[in-house]
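Enquirer: give the three-dimensional model of this entry:
(2 chains)
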Amino acid sequence: MKTPCRLIEVSKRYGRQWALQTVTLAAESGAIVGVVGPNGAGKTTLLRVAARLIRQQSGTVDVPSGAVGALRYFAGERTLPPDVRVRRWRRLWGLSSDGRIGWKRIGALSRGMRQRLGLETVFTQPQSAALVLLDEPWEGLDPDASRWLSEQLLGLRLAGAATIVSSHRIHDLAAVCDRCVFINVGRIVGEVDVAATFPAHRATLLLDAFEQSRKSGEP
Amino acid sequence: MIDSVEARALAVLLRPSLSMLLVMLLLIVWTGYLTVTAPDDLRGPYIVLLLCQSFSAATGYAPRARRGHFDQVLAGRSSRVRFAVTHAVMSTALGIIVWLAISLLDALSGGGRFPLGLMPRAVAALVYISALAWALSVPFSKYTAGVLWLVGAVALAASGKLMALRNSYVAAGETWAGIWQAVGPVLLFPPLMVAEPSASSSVVIVLVVVVVAAAVASSWAGIAFVVRYSLSLEDVE
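Expert: Residues are numbered from 1 along each chain as shown, chains lettered A, B, ... in the order given. Next up is the predicted model:
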């Protein structure tokens, strides 16, 4: 099985503060890996290092590079350019036009609509994606859109993409991920494989593991 | 060197504002008017275009990068050199296209006279302004270079130094000391190369080389910034 994402002993520091410390993480093709941790734990930094948007101080990042679309990353609706019109943005990424809101600027959409627009960009042509990195993708989505997102993630798995998703929404994450890593103060402090767990028990398992991981980060 | 996906994405992200497009259109209309009323002297549109280009090419990079606007184009890139070059090309394209349009009108109205906009000294001034405006705005937000240059030009004019710069450029002799005397004025106020033809040709050749070298150095600095800049996400909410 291919491993499109392999981070080995990655460390990243902002000034004197370590955001990541010797983090090792891999995501295989067709796997959905959840990243869970409290605010400021280093989840966003981890995904941005994996996306090659931030350079690590040390360690190795082995991810697809070269062809646009092989690695896809979305850090939330606030990263979309607010002054661009929706139809222009959709055309750019090969999405079908949306006649109702196409003339609006992205900044004029509701938070949930912006989030969905950004996610649609990531999910277009899933067969050409090798690695997908999503930072808090359920934020701002209504129940219908949340269900749509979960279906899209399962579609990515079927298409053979490796997916890493960071989220606080443990119940949503439990429904889709194969395994979950827990991060606190820049370190991976736990990992739970939920693929073999009965779906109804996954969320409880992850919540328990999250509590454990929080305690491990306390001084 | 330019990737089509990057170019399309940056064409959307760096699209000029409507007001900038209108100003550029007005410049072409003004040039058209001058080709009828005063076809022998079209320096005005070129000089105004240089000022406009200092705004138009200053599309900014770092603040938008910190907000994640370039994430989808930059994700997975092992090198950002190609992205930086595409950013520079897309940022400067509008001014260069309008410059060529004005040169075309100039050529059509000149009765066989070589258009001013395609003379090496004028091209060098455009390249220098474009590169410097783009590179200066890379660490900052949109229009930074234009504002800086405008404030600088007004300050020079208000203090009477602008005329001194002009005189220094025009009086430059064919010695190294004379050329050195003209370098400062040209780098500070490049429209002199378009507006004042009277410096001797050998001086102009050296100045063209100096100005193009300064443009290359500015571009290199801008590209180096884009390549090395850390794209840590800024929380804008």
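Enquirer: residue contacts, the most centrally placed residue in chain A?
Expert: Note on chain A: the residue nearest the mean C-alpha position is A:Leu134, at 2.0 Å, using CA atoms, centre = their mean. A:Leu134 makes contact with A:Leu47, A:Tyr73, A:Phe74, A:Leu119, A:Val122, A:Thr163, A:Ile164, A:Val165, A:Ser166 under the criterion CB atoms under 8 Å, 6 or more residues apart in numbering or on different chains. C-betas here are computed from N, CA, C, even on glycine.
Enquirer: 10 Å - rerun?
Expert: The contact partners of A:Leu134, taken as CB atoms under 10 Å, 6 or more residues apart in numbering or on different chains, are A:32, A:35, A:47, A:72-76, A:118-119, A:122-123, A:149, A:152-153, A:156, A:163-167.
Enquirer: now these: which count as buried?
Expert: For the contacts of A:Leu134, a burial check counting by 16 or more other CB atoms under 10 Å in any protein chain shown picks out A:32, A:35, A:47, A:72-76, A:118-119, A:122-123, A:149, A:152-153, A:156, A:163-167.
Enquirer: just those residues: which are in strands?
Expert: A:Ile32, A:Val35, A:Arg72, A:Tyr73, A:Phe74, A:Thr163, A:Ile164, A:Val165, A:Ser166 (DSSP state E).
Enquirer: number of nearby residues for the one residue in chain B that gets nearest to chain A?
Expert: Nearest residue of chain B to chain A: B:Gly68, at 2.8 Å (CB to the nearest CB). A count of nearby residues for B:Gly68, using other CB atoms under 10 Å in any protein chain shown, gives 26.
Enquirer: hang on, it packs against A:Tyr73?
Expert: Yes. In this structure, B:Gly68 is within contact of A:Tyr73 by CB atoms under 10 Å, at 9.2 Å.
Enquirer: which one is A:Ala31 nearest to, not counting chain neighbours?
Expert: Closest residue to A:Ala31 in three dimensions, ignoring its sequence neighbours and counting by CB to CB, 6 or more residues apart in numbering or on different chains: A:Asp178, at 5.0 Å.
Enquirer: what sits against that neighbour?
Expert: A:27-28, A:30-34, A:157, A:163, A:193-196.
Enquirer: likewise for A:Thr44?
Expert: Applying CB under 10 Å, 6+ apart, the residues contacting A:Thr44 are A:Ala19, A:Val35, A:Ile54, A:Ala75, A:Gly76, A:Asp135, A:Glu136, A:Ser166, B:Ser232, B:Leu233, B:Asp235.
Enquirer: distance check, the residue in chain A that chain B sits nearest to against B:Leu18.
Expert: In chain A, the residue that lies nearest chain B is A:Thr79 (2.8 Å; CB to the nearest CB). Distance, A:Thr79 to B:Leu18, using CB to CB, to the nearest Å: 24 Å.
Enquirer: which stretch of helix or strand covers the most centrally placed residue in chain B?
Expert: By CA atoms, centre = their mean, chain B has its centre lying nearest to B:Ser130, at 2.1 Å. Using DSSP states H and E, B:Ser130 maps to helix B:120-137.
Enquirer: buried sites along the following helix or strand past that helix?
Expert: Using DSSP H and E, the helix or strand that follows helix B:120-137 in sequence is helix B:144-158. Across helix B:144-158, burial judged by 16+ other CB under 10 Å covers B:Thr144, B:Ala145, B:Gly146, B:Val147, B:Leu148, B:Trp149, B:Ala153, B:Leu156.
Enquirer: what bits of chain B have low per-residue confidence?
Expert: For chain B, residues meeting the criterion pLDDT under 70 lie at B:1-3, B:198-199, B:235-237.
Enquirer: get me the contact residues on it for chain A.
Expert: B:3-6, B:8-9, B:11-15, B:17, B:64-80, B:228-237 (CB under 10 Å from any CB of the partner chain).
Enquirer: need the pLDDT of A:Ala50.
Expert: At A:Ala50, the model reports a pLDDT of 95.
Enquirer: to what extent is it buried, counted in neighbours?
Expert: 28.
Enquirer: just give the closest residue to B:Thr59, not the sequence neighbours.
Expert: B:Ser91 (4.2 Å).
Enquirer: okay, buried residues for the host helix or strand of that neighbour please.
Expert: In this structure, B:Ser91 sits in helix B:81-109 according to DSSP H and E. Within helix B:81-109, the residues scored as buried using 16+ other CB under 10 Å are B:83-96, B:98-99, B:101-103, B:105-107, B:109.
Enquirer: packing partners for that helix?
Expert: helix B:4-13, helix B:18-37, helix B:43-56, helix B:71-74, helix B:120-137, helix B:201-228 (3 or more CB pairs under 10 Å, 6 or more residues apart in numbering or on different chains; DSSP states H and E).
Enquirer: of these, flag the one that's most buried.
Expert: helix B:120-137 (a mean of 25; mean count of other CB atoms under 10 Å in any protein chain shown).
Enquirer: what's the overlap in contacts for B:Gly68 and A:Tyr73?
Expert: Residues touching both B:Gly68 and A:Tyr73 (CB under 10 Å, 6+ apart): A:Arg48, A:Leu53, A:Thr79, A:Asp135, B:Leu74.
Enquirer: state the mean pLDDT of stretch A:73-89.
Expert: For stretch A:73-89, mean pLDDT is 95.
Enquirer: start to end distance for it?
Expert: Taking CA to CA, to the nearest Å, stretch A:73-89 runs 16 Å from one end to the other.
Enquirer: for that stretch, buried residues please.
Expert: So stretch A:73-89, judged by 16+ other CB under 10 Å, has buried residues A:73-81, A:84-89.
Enquirer: out of these, which one sits closest to A:Leu141?
Expert: The closest of the buried residues of stretch A:73-89 to A:Leu141 turns out to be A:Glu77 (CB to CB; 9.8 Å).
Enquirer: show me the contacts for that closest one.
Expert: So A:Glu77 contacts A:106, A:109-119, A:136, A:139-141, B:68 (CB under 10 Å, 6+ apart).
Enquirer: one more: A:Tyr73?
Expert: Contacts of A:Tyr73 (CB under 10 Å, 6+ apart): A:47-48, A:50-53, A:63, A:79, A:122, A:131-135, A:164, B:68, B:71-72, B:74-76.
Enquirer: ok, 6 Å please
Expert: A:Tyr73 makes contact with A:Ala51, A:Leu133, B:Asp71, B:Ala75, according to CB atoms under 6 Å, 6 or more residues apart in numbering or on different chains.
Enquirer: just flag the most distant two among those residues.
Expert: Among these, A:Leu133 and B:Asp71 lie farthest apart (CB to CB), at 9.9 Å.
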